[in-house]
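>>> Give me a 3D structure for the following:
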Amino acid sequence: MKQYIEESAFFLRERGFETPEIGIILGTGLGQLLDHVEVIAEMSYNHIPYFPTATVEFHKGKLIYGTLAGKKVIIMNGRFHVYEGYTFQDVSYPVRVMHELGIKKLLVSNAAGAINLDYKKSEIMLINDHINLQGGSPLAFKGVSKLGHRFTDMSAPYDNEMSNIIKASAKENNITLHEGVYASVVGPQLETRAEYRYMKIIGADAVGMSTVPEVIVANHLDLPVVAVSVLTDECDPENLEPVNIESIMAAAAKAQPAMIQLFTDLIERA
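This next block holds a predicted model:
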């Protein structure tokens, strides 16, 4: 894998992806951040050696390099999921490539359902811990120790300094910001009533189908990472209504200005 990572990074450097400071992974329906980026270069995933290809129609599948809030950033507009048939190594591979390109910090966003019923649709939750319910690890492969410590510590997976900047920005801008635990499942089916009850019992505040593999790899690389969930539905097992992608996208769109403000402030101050 090390050779693949180096070749992917070399390909991108040759095409203008030089000296990025911050990596960003955009979740479902959160692409409006790109409107604030001065784009220098971009590349479709299917043109990058050894990159997976996004198969979900609302994930665009492009790597963007440019300037945002005075910093050089590299942005994944569209991410990969285990439910698309990819391995955990595939899903997290772009994090390794961005690290090879030189990023010093990683910002992650996702769309998630609110398990904590005090949290409402279109609000934002800062992730302070997570529960991996995906049944695997991006570090469980032969030769992983050549890329970092096999037994990666996960006692504090989310960077405290960046989290505090986000909390300060939310207070300054009167943005409702929750803080809690994100549970990551495989999907793509949504959860049953019993599964929502179970996740509440084990301490989850929100549930989604991404993020945790990328965060594990960031910690494997000693790369500071912060993550936020845009809450797109309320998962009340006693009053559960069918959820469709259109309503999830609409809820995400409503929350985007707040998320953009938080990320922009973080990038400026980090």
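
>>> can we go C-alpha only for contacts and neighbour counts from here?
OK.

>>> Could you list every helix and strand that the lengthiest helix in the chain packs against?
When the chain is parsed with DSSP state H, its longest helix is helix 245-269. Contacting helix 245-269 under the criterion 3 or more Cα pairs under 8 Å, 6 or more residues apart in numbering; DSSP states H and E are the following elements: strand 105-114, helix 160-172, strand 225-234.

>>> Name the next helix or strand downstream of the longest one, please.
Once helix 160-172 ends, the next helix or strand along the chain (criterion: DSSP states H and E) is strand 177-184.

>>> Contacts for that next one, please.
With contact meaning Cα atoms under 8 Å, 6 or more residues apart in numbering, strand 177-184 is reached by 119, 123-134, 167, 170, 199, 203-212.

>>> Likewise for stretch 95-105?
The contact list for stretch 95-105 (Cα under 8 Å, 6+ apart) reads 5-6, 8-9, 13, 17-23, 74, 214, 217-218, 221, 223-225.

>>> Any chance of a PyMOL selection covering the buried ones in those?
A single PyMOL command selects the buried members of these (16 or more other Cα atoms under 10 Å):
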select buried, resi 5+8+9+17+18+20+21+22+23+74+214+217+218+221+223+224+225
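
>>> In strands, which of the contacts of stretch 95-105 fall?
The members of the contacts of stretch 95-105 that map onto strands under DSSP state E are 22-23, 74, 225.

>>> Make a markdown table out of the residues you listed and add distance to S92.
Converted to a markdown table, the ones in strands among the contacts of stretch 95-105 look like this (distance: Cα to Cα, whole Å):
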| residue | distance to S92 |
| --- | --- |
| I22 | 16 |
| G23 | 13 |
| I74 | 15 |
| V225 | 13 |
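
>>> Pull the most distant pair out of these.
I74 and V225 (14.3 Å; Cα to Cα).

>>> Please, where are all the strands along the stretch 51-200 of the chain?
Taking DSSP state E, counting those that start in this stretch, the strands of the stretch 51-200 of the chain run over residues 62-68, 71-77, 105-114, 124-132, 177-184.

>>> distance between the longest one and the chain's centre?
Distance of strand 105-114 from its chain centroid, counting by Cα atoms, centre = their mean, to the nearest Å, is 4 Å.

>>> let's number from 45 now, not from 1
Yep, numbering from 45; the last one is strand 149-158 now.

>>> Compute the inter-axis angle for that strand and strand 168-176.
With axes from the mean of the first three to the mean of the last three Cα atoms, to 10 degrees as the basis, strand 149-158 and strand 168-176 are set at 90 degrees to each other.

>>> just to revisit the earlier point, could you give me the average pLDDT of the longest helix of the chain?
For helix 289-313, the mean pLDDT works out to 92.

>>> Likewise for stretch 225-238?
Mean per-residue pLDDT for stretch 225-238: 96.

>>> Now that stretch: buried residues?
By neighbour count on 16+ other Cα under 10 Å, the buried set for stretch 225-238 is 225-230, 234-235.

>>> Then stretch 200-212?
By 16+ other Cα under 10 Å, the buried positions in stretch 200-212 come out as 201-203, 206-207, 209-211.

>>> As JSON lines, those with pLDDT would be great.
Below are the buried residues of stretch 200-212 laid out as JSON lines (pLDDT from 0 to 100):
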{"residue": "P201", "pLDDT": "98"}
{"residue": "Y202", "pLDDT": "98"}
{"residue": "D203", "pLDDT": "98"}
{"residue": "M206", "pLDDT": "98"}
{"residue": "S207", "pLDDT": "98"}
{"residue": "I209", "pLDDT": "98"}
{"residue": "I210", "pLDDT": "98"}
{"residue": "K211", "pLDDT": "98"}
